[in-house]
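Undergrad: Sequence plus predicted model, see below.
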Amino acid sequence: MSKRLEATVECRNCGHTQHMTLFRTLWVEYSENMSLVLNDMVNEFCCEECKYVERLEFPFLCTNVKRGVAIWYEPYHDEQIDEDIRQYQKHMGANSFYAKAPRIADWETFKAKLLEMNEAGPQPGQETQPSAESKSFFRGFIDSLKHGKPRLAEKTKASPSVGEVIETYGALLENYPFSILDSSMLPVPKPQMKAILKTAYRETRGEQMRRHLEAGFMFLSMFQDGVGPMPIDGKLFKGCGKSNIHAELAAFKKWMPWQERSSVEMECLLDEWNRFKKGGDS
Ligand SMILES: [Zn+2]
């Protein structure tokens, strides 16, 4: 699912206006999407009245999560992209491929760079998951809970309290820093985790505390269905020695598809959180 926007567009040829759907992000791991780009058909306007056809100069992001690729087509400066990149830096780390996505104004250069990046695959030193630094940031919040600083509303006696849930959650993130864990390891089911973090955010005043909760929300993407009782560890791949290349490759191959799912979910969580902050949903 690529991200789309509704727009009203006026035909440059006859002045007729019509609705169309524009791509804001395009997942180029799907070959049909890659073909759209390479054949100059992304965000193509076709007038219902006079049949005039034009590729609209609308900024959009191409990603291939599997290969660690993210690149912007930005024909004119787009402030929303500045903001999106700030969000990616904050939630996925400054070294994530999302945060480091190049922004290219020229269409032909953009296509060439996209092909080049797509063929090169994941780059050394590139982080495709939240940095350990951002996780320790969340840990700071857990510690502050122990000292009883933020006063969060307690749930009914039957279910664990908000504080307990958040503490268990934080401990999991701390104990398995580079891993994908089974969703069933969460202290409560994921939809409930989301609700708890949102409630805590609403009831927390401090800006720092609120940022911790925001980070905690994004880390829900580290929990996936079907992982099983053994967390899948991506740490081996983090460039630690050449001792056992085969073992590292095997671990990496196992970890990669899970990491891909996790990144995709994180992008959705980021969207959901932004909607929540704007008051769009609870
Ligand atoms: Zn027209």
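TA: Perfect, thanks for sending it. Numbering: from 1, shown residues only.

Undergrad: CA atoms for contacts and neighbours, from now on please.
TA: OK.

Undergrad: And T199, how close does it get to the ion?
TA: Per Cα to the ion, to the nearest Å, T199 is found 49 Å from the ion.

Undergrad: Now do that residue, the pLDDT please.
TA: At T199, the model reports a pLDDT of 87.

Undergrad: in which helix or strand would I find it?
TA: helix 190-203 (DSSP states H and E).

Undergrad: Would you mind writing the CA trace of whichever helix or strand comes after that helix as PDB?
TA: Heading C-terminal from helix 190-203, the first helix or strand you meet, by DSSP H and E, is helix 207-218. C-alpha atoms of helix 207-218 as PDB (Å, rounded to 0.1, in the frame of the first residue of the first chain):
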ATOM      1  CA  GLU A 207       7.300  17.600  26.700                       C
ATOM      2  CA  GLN A 208      10.200  15.200  27.400                       C
ATOM      3  CA  MET A 209       7.800  12.500  28.800                       C
ATOM      4  CA  ARG A 210       5.600  12.900  25.800                       C
ATOM      5  CA  ARG A 211       8.500  12.300  23.400                       C
ATOM      6  CA  HIS A 212       9.400   9.100  25.300                       C
ATOM      7  CA  LEU A 213       5.800   7.900  24.800                       C
ATOM      8  CA  GLU A 214       6.000   8.800  21.100                       C
ATOM      9  CA  ALA A 215       9.200   6.700  20.800                       C
ATOM     10  CA  GLY A 216       7.500   3.800  22.600                       C
ATOM     11  CA  PHE A 217       4.600   3.900  20.200                       C
ATOM     12  CA  MET A 218       7.000   3.500  17.200                       C
END
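
Undergrad: Does anything pack onto the helix or strand just after helix 207-218? Which helices or strands?
TA: Per DSSP H and E, the first helix or strand lying C-terminal to helix 207-218 is strand 223-224. Packing partners of strand 223-224 (3 or more Cα pairs under 8 Å, 6 or more residues apart in numbering; DSSP states H and E): strand 179-182, helix 245-277.

Undergrad: strands paired with the first one, and their directions?
TA: Right, the one you point to is strand 179-182. Using DSSP bridges, the strands paired with strand 179-182 are strand 223-224 (parallel), strand 232-233 (antiparallel).

Undergrad: Those: which one's closest to the ion?
TA: strand 223-224 (47.8 Å; Cα to the ion).

Undergrad: Per the annotation, how does the chain divide into domains?
TA: Domain assignment for the chain by automatic domain parsing gives 4-120, 132-277.
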